[in-house]
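1. Dropping a prediction and its sequence here:
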Amino acid sequence: MSEELARTYRGRLVSGPFTPFDSGECAALEREIGLPLPRAYRSFLEAAGGERLAYSVRIPACEPEAVQSFDCLYQLGRNDAGEYGWGTLLGEYRHSRSERPAEDVPPTGLLPIARNGGGDVLFLDLNPATHGQVHAFVHAISWPGYLGRHVFTKVADDFDAYLDGLFIDPDLAEDAWADVTGCDSSDPWRRAVEDWLDMGLPKWRVQAWARP
């Protein structure tokens, strides 16, 4: 497992830990699903299949919570225990086959690829007619001002388009910077956060929360 903190892919910073791409594990995943991975997603796994993608995406179908985040990436291969369990693409696919989040989520051809802390899930569509599309399932929250119904909706036409639509939410940027301001300027994680902000929020240094 690589000790790299982060890698850049299509202008987005992906955080580790990283494991080497294993074509055999990829073939095993495709064999079980019975459908091939889209080229855009496979390229991502080969170059930067890390553990976190700390960005937000706008999903109009989720108003009044149109800004959503799916920052925890599922990884190709087995987990630290040598199993296809929680957090692995094959393990999450098997779980999704036995327990769909809602009736309006199609029963076949969807590969869960990421989640967030609220249990919302990002899916890659492997069905031939819609191959490569990216969908999201977002849970309802029974509270005024929040999403009042479960939503399953298309987010992007392919994984590259999904990456291109990601952005850094200003509130998340402020929190992330606050977490590292006490670190020495040479600290590797502080430098990684600075790189993340420089790429995704170029004018962040003029914000009041970023000033010394």
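-> That came through fine. Numbering: from 1, shown residues only.

2. ok, Asp175 - contacts?
-> Not one residue lies near Asp175 by Cβ atoms under 8 Å, 6 or more residues apart in numbering. No exception for glycine: its C-beta is placed from N, CA and C like everyone else's.

3. Mind checking what secondary structure it has?
-> When classified by DSSP: H, G, I helix; E, B strand; the rest coil, Asp175 comes out as helix.

4. swap in Ala136?
-> Following three-state DSSP, the label given to Ala136 is strand.

5. Go ahead and confirm it touches Val155.
-> Yes - using Cβ atoms under 8 Å, Ala136 is in contact with Val155, at 5.0 Å.

6. Now do the shared contacts for those two.
-> Shared contacts of Ala136 and Val155, defined by Cβ under 8 Å, 6+ apart, comprise Val57, Ile59, Leu122.

7. quick one, which of Ala136 and Val155 is more surrounded?
-> Ala136 (23 against 20; other Cβ atoms under 10 Å).

8. now for the least confident helix or strand in the chain by mean pLDDT, which elements pack on it?
-> Across the helices and strands of the chain, mean pLDDT, DSSP states H and E gives its lowest value to helix 89-98, namely a mean of 90. Helices and strands touching helix 89-98, as assessed by 3 or more Cβ pairs under 8 Å, 6 or more residues apart in numbering; DSSP states H and E, comprise helix 23-33, strand 110-115.

9. Of these, which is nearest Trp177?
-> If you check each of the helices and strands packed on helix 89-98 against Trp177 by Cβ to Cβ, strand 110-115 wins as the nearest, at 23.5 Å.

10. Now Leu90: closest residue in space that isn't a chain neighbour?
-> Tyr84 (4.3 Å; Cβ to Cβ, 6 or more residues apart in numbering).

11. Can you classify the one you found by secondary structure?
-> Classified using three-state DSSP, Tyr84 is coil.

12. Check whether it really touches Gln75, as I assumed.
-> No - Tyr84 lies out of contact with Gln75 (Cβ under 8 Å); the separation is 10.6 Å.

13. So which bits of the longest helix along the chain are buried?
-> Longest helix in the chain, counting residues (DSSP state H): helix 188-200. Across helix 188-200, burial judged by 16 or more other Cβ atoms under 10 Å covers Arg190, Ala192, Val193, Trp196, Leu197, Gly200.

14. repeat for stretch 42-56
-> Arg42, Ser43, Phe44, Leu45, Ala48, Gly49, Gly50, Glu51, Leu53, Ala54, Tyr55, Ser56.

15. returning to what we had before: how about the residue nearest to Leu90, what does it touch?
-> Arg78, Leu90, Gly91, Arg94.

16. Buried among those? Make that a ChimeraX selection.
-> In ChimeraX syntax, the buried subset of the contacts of Tyr84 is picked out as below (16+ other Cβ under 10 Å):
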select :78,90,91
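
17. need the contacts of Tyr84 in JSON lines with distance to Pro212, can you?
-> Converted to JSON lines, those look like this (distance: Cβ to Cβ, whole Å):
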{"residue": "Arg78", "distance to Pro212": "45"}
{"residue": "Leu90", "distance to Pro212": "47"}
{"residue": "Gly91", "distance to Pro212": "45"}
{"residue": "Arg94", "distance to Pro212": "50"}
